[in-house]
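Engineer: I'd like to go over a predicted model; first the sequence, then the structure.
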Amino acid sequence: MSSRESALDLRLVPAAAACWGATLLGLHGGWRTAAVAAGVLGAVGIASAALVARGRRGAGGSGRPLPILAVGIVAAALIGAGFAAAIAVRVHAVTVHPLAATAREGRSATLSVVLDDDPKLLRGKGFGGTQQVLIRASLRSVVGGDGGTRVGGKVLMFADAPDWEGILPGQQATVRGKLDTPERSDLTVAVVRVTGPPTDVGAPPAVQRWAGAIRQGLSTASAAGLGSDAAGLLPGLVVGDTSALPSEVKDEFTAAGLSHLTAVSGANITIVLGAVLLLVRGAGIGPRTGALLAGLALAAFVVVARPSPSVLRAAAMGCVALLALVTGRRKQAVPALAASVIILLAVSPSLAVDFGFALSVAATAGLVLVAPVMVERLTGRGWPRWLAEMCAVAVAAFVLTAPLVAAMAGTVSVVSIVANVLVAPVVAPITVVGAVTAVLASVWAPAAAVVVRLAAPPLWWLLEVADRSAAVPGAVLAVRDGAVGAVIVTIGVAVAALAVRHRWSRRMLLALTIGVAAVWVPTRFHQPGWPAPGWALAACDVGQGDGLVLSAGGRRGVVVDVGPEPGPVDRCLRSLGIDEVALVIVTHLHADHYGGLDAVLRGRAVGAVAIGPGSLPDGGFRFVSSAAARADVPLVRIVPGQELTVGPVRLTVLGPLLPEPRTSDAAEDGANDASLVLMAHTAAGSILLTGDVEEPGQRALLRSGLSLRADVLKVPHHGSRTTSPDFLAAVRPRVAIVSVGADNTFGHPNPGIVQRLEALGTVVVRTDRSGDVAITRSGSGALAVVGHSRGTIVQ
């Protein structure tokens, strides 16, 4: 390759960066900031263009090409100014939107919307026990008594999944719900928490009916010809449909660094278009007709996968990657990548704050910039080219995306490179077989059910790699999220890259890795000091929910609430060594307290499942009673005044003391105050377990005259502002545990509640910061809070 051919054409890169930066500035800084930026960038661009023109006149119009740097500055400034002006207009429109004030005030409204994408199932369930979906939609009008007001804009809706079954993108519907302000600055006008099913549902467009039939045919054929995990995985690999993929498999793919395979990505586009181009070439079809067929295949794929911004982004990045692979010229791929960024941001400015977009751009840049260099170096060292290409692609993608993943999720998958190399040979065959199955299912379903079986062996391998990789001790490293985490990972990647360039540094890095692994890996199987000797209470880090365990001696315990998901509470019980559960107590029938029940009942001896006197919300009661029946475990009720003794633990039921709600609607609002309130007397002292009881229920407890004084308080309702100062003063705990999810959308715990506890001299411990924590007594008799990594002695 000559130096001229190898030189990169970077002229559009500054323009793409300016467009992205200007859009980010407008979304986060507001329309006024964007307007100022537009003026500044416009002035810089005009001044730069004038200087360049003057320089050319001074040189006598020699005909020499303009310097790349000068062209880049002028283009970046002028295009950036245009983007800044455009985003200022869009942000201003959202700011003055008729629904903006309604959202700020938290009022309800009736809206006519058109779905932009399929409803996406959310993990966990709503408070009433019903599966929830997230729906992105475009506004058509605000429905009112005079026929409604036509408006535009985007809304994000949360609704009950059963109400939206079978509704496709492009369908119009009328919904009513409570409005709230969006958390992200992405031009969303409002968040709508929908109450009730949609009405006035229109017919879907013909193209969406066709796409829905293709997706349904693929899912049906997969279910008929594959095992459950593989049947849920194949539609995700081919068209991004993960609705049937078990949550455990999703977690394994995330831990293994393979989650990009279950979403529509540039890799899908590259494989599909590559297969079409190979068929075209094999059939002897000319390049123009071949390009037309490839374009039709791309359009069909985008429609079936849904033309959302994320899919359009994947299509653009896949075309760039295919260009790089087909031509082998990075010089052509770089301006194509930059142009794609500019076009996509012009079409959908919200991509500027989308981590998926940033990851796609970074991965594609790694493919076209870093991977070819690595391939040449590895083949120069005698590596087979096929192996060099697989390793280079995996390493390049990891190097450029790891800092972004750290900033987004606060984690780094250390097995990602190896896992991606191991599955690389099977991804393309699975995608091609899946695409053929999807097409065949629309015309001859029995044949599709046969063809899909060809994907069974490679799918087994993919699932096996994900499972084994996720099971590696320390497969996922926790780092600081945000900019700090990104910087830490960037430094780590840079140091590793420098270390592998020389033989002596490679040997040092290998020795260091072996030394660290020898000390660190055993601690992943059994962490010293956990569980704490003589522990009485453990608060499990179950996310946004409650999951508590009282030690009943030996490997026996009492579980109070089980969190929203099966995985975290199961992991916590395993780490505590609990294999016999004398009693599972569900304080109230909200999903963040009972969602993980199946995991507790599976594989352990369980005496009984206990609930309070009420049976509402009915969705929660059905879930709990069904789970207990499946496990052949009795369901019992406990009531105020009752005392229970399990080994060294004595439980007194203090509440609920308020009347039971009589209707489902009242139960949704009053379920928190129907929480069981328990006083546990343990070797570590008295522990008040409060569920989600709020101020009305707390005041009923205060009026009852019962003693609420306790050494340890499980803070009610994850530390929400609905806790009474009088209640906290009556308990006056030495330690307060807040069971809360990191970065939760509810603002828990409320800063004022934490400050009141600290003013009482209470040590506040949060599971979102400390992870699993245990309460015990130190050798001196002092109360101690012990985490996985450190213990804090509370005098």
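Structural biologist: Happy to help now that I have it.
Engineer: Which residue ranges of the stretch 151-300 of the chain form helices?
Structural biologist: Counting by DSSP state H, counting those that start in this stretch, the stretch 151-300 of the chain has these helices, from start to end: 206-225, 228-239, 247-255, 266-282, 287-305.
Engineer: now the ones you listed in CSV, with mean pLDDT and distance to A475?
Structural biologist: In short, each C-beta sits where N, CA and C put it, glycine included. What follows is those, written out as CSV (pLDDT from 0 to 100; distance: least, Cβ to Cβ, whole Å):
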stretch, mean pLDDT, distance to A475
helix 206-225, 89, 28
helix 228-239, 88, 19
helix 247-255, 83, 5
helix 266-282, 76, 22
helix 287-305, 78, 29
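Engineer: so which of the ones you listed is the most packed in?
Structural biologist: Greatest average neighbour count among the helices of the stretch 151-300 of the chain goes to helix 228-239 (a mean of 24), per mean count of other Cβ atoms under 10 Å.
Engineer: what inclination does that helix have with respect to helix 247-255?
Structural biologist: 50 degrees (axes from the mean of the first three to the mean of the last three Cα atoms, to 10 degrees).
Engineer: neighbouring contacts of helix 228-239?
Structural biologist: Residues from elsewhere that reach helix 228-239 (Cβ atoms under 8 Å, 6 or more residues apart in numbering): 214-215, 218-219, 222-223, 225-226, 241-246, 249, 261-264, 268, 304-305, 427, 430-431, 434-435, 437-438, 452, 455-456, 459-460, 462-463.
Engineer: cutoff 7 Å now
Structural biologist: Contact with helix 228-239 is made by 215, 218-219, 222-223, 226, 241-242, 244-246, 249, 261-262, 264, 304-305, 430-431, 434-435, 438, 455-456, 459-460, 463, as judged by Cβ atoms under 7 Å, 6 or more residues apart in numbering.
Engineer: And stretch 431-449, by the same measure?
Structural biologist: With Cβ under 7 Å, 6+ apart as the criterion, stretch 431-449 contacts 213-214, 217-218, 220-221, 224-225, 234, 237-238, 268, 271-272, 275, 451-452, 454-455.
Engineer: let's see it at 6 Å
Structural biologist: Contact with stretch 431-449 is made by 214, 217-218, 221, 224-225, 234, 238, 271-272, 275, 451-452, 454-455, as judged by Cβ atoms under 6 Å, 6 or more residues apart in numbering.
Engineer: what's the span of stretch 590-604, first residue to last?
Structural biologist: The straight-line separation of the ends of stretch 590-604 (Cα to Cα, to the nearest Å) is 23 Å.
Engineer: same deal with stretch 352-370?
Structural biologist: 23 Å.
Engineer: Buried residues of that stretch, list them for me.
Structural biologist: For stretch 352-370, a neighbour-count test (16 or more other Cβ atoms under 10 Å) marks 352-354, 356-370 as buried.
Engineer: now, which of the residues you listed lie within strands?
Structural biologist: Nothing among these maps onto strands, per DSSP state E.
Engineer: State which strand of the chain is the longest.
Structural biologist: The chain, longest strand under DSSP E: strand 131-142.
Engineer: Not counting its own residues, what contacts it?
Structural biologist: Around strand 131-142, the neighbours that count as contacts under Cβ under 6 Å, 6+ apart are 112-117, 119-122, 125-126, 148-155, 157-159, 161, 164.
Engineer: Strands of the stretch 501-650 of the chain, start to end?
Structural biologist: 537-539, 547-551, 556-562, 580-585, 605-606, 609-611, 635-637, 643-646, 649-655 (DSSP state E, counting those that start in this stretch).
Engineer: Distance from the fourth one to the middle of the chain?
Structural biologist: Per Cα atoms, centre = their mean, to the nearest Å, the displacement of strand 580-585 from the mean C-alpha position of its chain is 32 Å.
Engineer: now do the first one
Structural biologist: For strand 537-539, the distance from its own C-alpha centre to the chain's C-alpha centre is 27 Å (Cα atoms, centre = their mean).
Engineer: For it, which strands pair with it and how are they oriented?
Structural biologist: For strand 537-539, the paired strands and their directions (DSSP bridges) are strand 547-551 (antiparallel), strand 773-777 (antiparallel).
Engineer: for it, what is the average pLDDT?
Structural biologist: For strand 537-539, the per-residue pLDDT values average out at 95.
Engineer: now swap in the fourth one and tell me
Structural biologist: When pLDDT is averaged along strand 580-585, the result is 96.
Engineer: and the angle from that strand to strand 556-562?
Structural biologist: If you take the same axes, to 10 degrees, strand 580-585 sits at 30 degrees to strand 556-562.
Engineer: Give the buried residues for strand 580-585.
Structural biologist: V581, A582, L583, V584, I585.
Engineer: Which stretches in the stretch 351-500 of the chain count as helices?
Structural biologist: Along the stretch 351-500 of the chain, counting by DSSP H, counting those that start in this stretch, helices occupy 355-365, 371-380, 385-409, 416-441, 445-451, 456-470, 482-499.
Engineer: Relative to A109, how far out is V155?
Structural biologist: Distance check for V155 against A109: by Cβ to Cβ, to the nearest Å, it reads 10 Å.
Engineer: Let me fix that, I meant to ask about G170.
Structural biologist: Distance check for G170 against A109: by Cβ to Cβ, it reads 22 Å.
Engineer: L12 too?
Structural biologist: L12 sits 43 Å away from A109, going by Cβ to Cβ.
Engineer: Give me the more crowded residue out of the two.
Structural biologist: Ranked by neighbour count (other Cβ atoms under 10 Å), L12 and A109 place L12 first, with 23 against 18.
Engineer: That one contacts P335, doesn't it?
Structural biologist: Yes: with contact defined as Cβ atoms under 6 Å, L12 reaches P335; the gap is 4.8 Å.
Engineer: Can you read off the pLDDT for the nearest residue to A88 once chain neighbours are set aside?
Structural biologist: Using Cβ to Cβ, 6 or more residues apart in numbering and skipping residues adjacent in sequence, the residue nearest A88 is A34, 3.7 Å away. Here the pLDDT value assigned to A34 is 93.
Engineer: Helix or strand with the lowest mean pLDDT in the chain?
Structural biologist: The weakest-scoring helix or strand in the chain, judged by mean pLDDT, DSSP states H and E, is strand 791-794 (a mean of 42).
Engineer: before we move on, back to that, any of the contacts of helix 228-239 buried? List them.
Structural biologist: Neighbour counting with 16+ other Cβ under 10 Å marks 215, 218-219, 222-223, 226, 241-242, 244-245, 249, 261-262, 264, 304-305, 430-431, 434-435, 438, 455-456, 459, 463 as buried within those.
Engineer: could you dump stretch 414-431 to CSV, C-alpha only?
Structural biologist: Output of stretch 414-431 as CSV, limited to C-alpha atoms (Å, rounded to 0.1, in the frame of the first residue of the first chain):
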residue,chain,number,x,y,z
VAL,A,414,-12.7,-8.6,31.3
VAL,A,415,-13.8,-11.6,29.3
SER,A,416,-15.3,-9.7,26.4
ILE,A,417,-12.4,-10.0,23.9
VAL,A,418,-12.0,-13.8,24.4
ALA,A,419,-15.8,-14.3,24.3
ASN,A,420,-16.2,-12.3,21.1
VAL,A,421,-13.4,-14.2,19.4
LEU,A,422,-14.9,-17.5,20.4
VAL,A,423,-18.3,-16.7,19.0
ALA,A,424,-17.2,-14.8,15.9
PRO,A,425,-17.3,-17.9,13.6
VAL,A,426,-20.9,-18.6,14.4
VAL,A,427,-22.5,-15.2,14.3
ALA,A,428,-22.7,-14.9,10.5
PRO,A,429,-24.1,-18.4,10.0
ILE,A,430,-26.8,-17.8,12.7
THR,A,431,-27.7,-14.5,11.2
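Engineer: Quick check: buried residues in that stretch?
Structural biologist: For stretch 414-431, burial by neighbour count (16+ other Cβ under 10 Å) applies to 414-424, 426-428, 430-431.
Engineer: same question, stretch 37-55
Structural biologist: Neighbour-count burial for stretch 37-55 [16+ other Cβ under 10 Å]: A37, A38, L41, G42, V44, G45, S48, A49, V52.
Engineer: same deal with stretch 601-616?
Structural biologist: Buried-residue list, stretch 601-616, by 16+ other Cβ under 10 Å: L601, R604, V606, G607, V609, A610, I611, G612, G614, S615, L616.
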